Every structure is written in structure tokens, then in C-alpha cells.
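Peer 1: I would like to see how this sequence folds:
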Amino acid sequence: MPRRRPARTAVRHRPPAPRARPPRPPGRPRRDAASSRQRLLDAAAAEFAAHGFAGASVDRIAAAAGLNKAMIYYHFASKAGLYGEILRDMFGAVSVEVRAVAASSEPPPQKIRAFVEAIAREAEDRPHFPPIWFREIAEGGAHLDAAVLRILGGIVGSLASIVEEGVHAGRFVRVDPLVIHAAIVAPLLLFFASRGVRGRLERAGLPGATAVTRQMVVGHVQRMSLAALEGRL
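Peer 2: Numbers count the residues shown, from 1 in each chain. Predicted coordinates for the structure are as follows:
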């Protein structure tokens, strides 16, 4: 009886496994989001400085940033949210600086000089700072939320602690910190905000209008602030 050949087992051909996609570069989405957020902040700062809160256009902000307008609402929820972020950045930077000044081991007169320098440095580093702050003052602080008001209060509080330290050390007379704060901030912001005006004044015949320097103004504010606090005015 002939032998039966064993049945061949059918070999199933499996389809090749799909190639794995190359992994995304780590952190790229976060970097892109951070970049678009910063571009919006930069564009918005210039827009709010030029037009104020009411006159600022989210369309112009988005166009200047090179982004879709929807990105404003994605990152900041609203125009007011975007404006608030800029205010918190402005005043928050000042707050960090002056808290460090107040906490230092320098004598009170040197702390006052450093406080003035800190305000000047932050106003100079952010060209939008003076015009935005002047607009808010003119409008009665209508757009300052609770968080921004707390930051502003903290800035004056740092100055108040320096003044009080000087009084206890017998170096200063007692002066309302709000008065000293106004005497420091107003001339500094006016100087940084009025560069274009000074140029026009000189061209109109006022000699030396553009010769006023940062060093001259900061030094004057420092001297006048100390003269008031030391009872020499």
C-alpha cells in the first residue's frame, strides 16, 4: 500500500509591520507655544502703548505677531486678559527689583538710590511701560485688576520699609512714602516717554533739549528724593 505524503502546512505570509514614525523632537510643541505667546505679548505691548486699552485692536496685534487672532483667545482668553498680563509683567519686574533692594544690607540712603535706579532700569528696558502707565493714570486706573493693584501696593510697601528703616536709624525724617514714590516715578517716566517731544522742542528752537541724559535725570531724582527724606528741603 503506497505511503501517503504528509500534507504541507500552508505558510501564512504576515504583512510587514508598519514602520514606526520618528519621534517628535522633545519639547517642540511647548517651544512653539511659548514663542507664539511671546510674539503676541510683544505686539500687544506696542499696540497698547500706542492706542491705549480701548483703542487697541486685536486684529492689529495678531497681524503684528504674524499669528491668527484665535491665538490671542487661546493664550489669554480675552483682550483684557492679554492687557492684564502685560501690566503684571511691567509691575511684577519692578516689584522683584525693589523687594531685593529693601531686603539688602545697604544703608537707607543707598537703598533709595538703588530704588530709583531699579525704576529707571525697568522703564528703560520696556519702552511700552511709560506710555501705558501714563494712560492708566489718565483713566483713573480703570483697567488695573486686583492682582496688579496688589503688586503696586507691594512696590510702595518696599519703599515704605526703606523710609521707616531710615527714620529708625536717625537718617530720615518721616515723609509719606506715596509722596516720595510719586516724586521718583513721575520724572523718570516723563523722561523716557518724552524722547520724541524733546527732539521736536530742540528743532523748534529750544537748545539742549536732547542733551538731557538718563544719568542726569536719575542722579537728579536720587538727590531730590534724599534731600526730602533727610529734611533738607
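
Peer 1: the longest helix along the chain - what's its average pLDDT?
Peer 2: Ranked by residue count and defined by DSSP state H, the top helix of the chain is helix 28-55. Averaged over helix 28-55, pLDDT sits at 88.

Peer 1: list the buried ones in stretch 187-206?
Peer 2: Neighbour counts over stretch 187-206 (16 or more other C-beta atoms under 10 Å) mark Pro187, Leu188, Leu189, Phe191, Phe192, Ala193, Arg198 as buried. (Each C-beta comes from the backbone N, C-alpha and C, glycine too.)

Peer 1: closest to Leu152 out of these?
Peer 2: Of all the buried residues of stretch 187-206, Leu189 has the smallest distance to Leu152: 13.9 Å, by C-beta to C-beta.

Peer 1: quick one: residues contacting the closest one.
Peer 2: Residues counted as contacts of Leu189 (C-beta atoms under 8 Å, 6 or more residues apart in numbering) are Ala123, Phe129, Pro130, Trp133, Phe134.

Peer 1: report the backbone C-alpha coordinates of stretch 204-221 in PDB.
Peer 2: What follows is stretch 204-221, C-alpha atoms only, in PDB (Å, rounded to 0.1, in the frame of the first residue of the first chain):
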ATOM      1  CA  ALA A 204      11.700 124.300  17.300                       C
ATOM      2  CA  GLY A 205      14.500 126.300  18.900                       C
ATOM      3  CA  LEU A 206      15.000 125.100  22.400                       C
ATOM      4  CA  PRO A 207      18.700 124.400  22.700                       C
ATOM      5  CA  GLY A 208      19.900 121.400  24.700                       C
ATOM      6  CA  ALA A 209      16.500 119.600  24.900                       C
ATOM      7  CA  THR A 210      18.100 116.400  23.500                       C
ATOM      8  CA  ALA A 211      21.200 116.800  25.600                       C
ATOM      9  CA  VAL A 212      19.500 115.700  28.800                       C
ATOM     10  CA  THR A 213      20.700 112.200  29.600                       C
ATOM     11  CA  ARG A 214      19.500 109.200  31.600                       C
ATOM     12  CA  GLN A 215      22.400 109.700  34.100                       C
ATOM     13  CA  MET A 216      21.400 113.300  34.600                       C
ATOM     14  CA  VAL A 217      17.800 112.600  35.300                       C
ATOM     15  CA  VAL A 218      18.400 109.500  37.500                       C
ATOM     16  CA  GLY A 219      21.000 111.400  39.500                       C
ATOM     17  CA  HIS A 220      18.700 114.400  40.000                       C
ATOM     18  CA  VAL A 221      15.800 112.200  41.200                       C
END
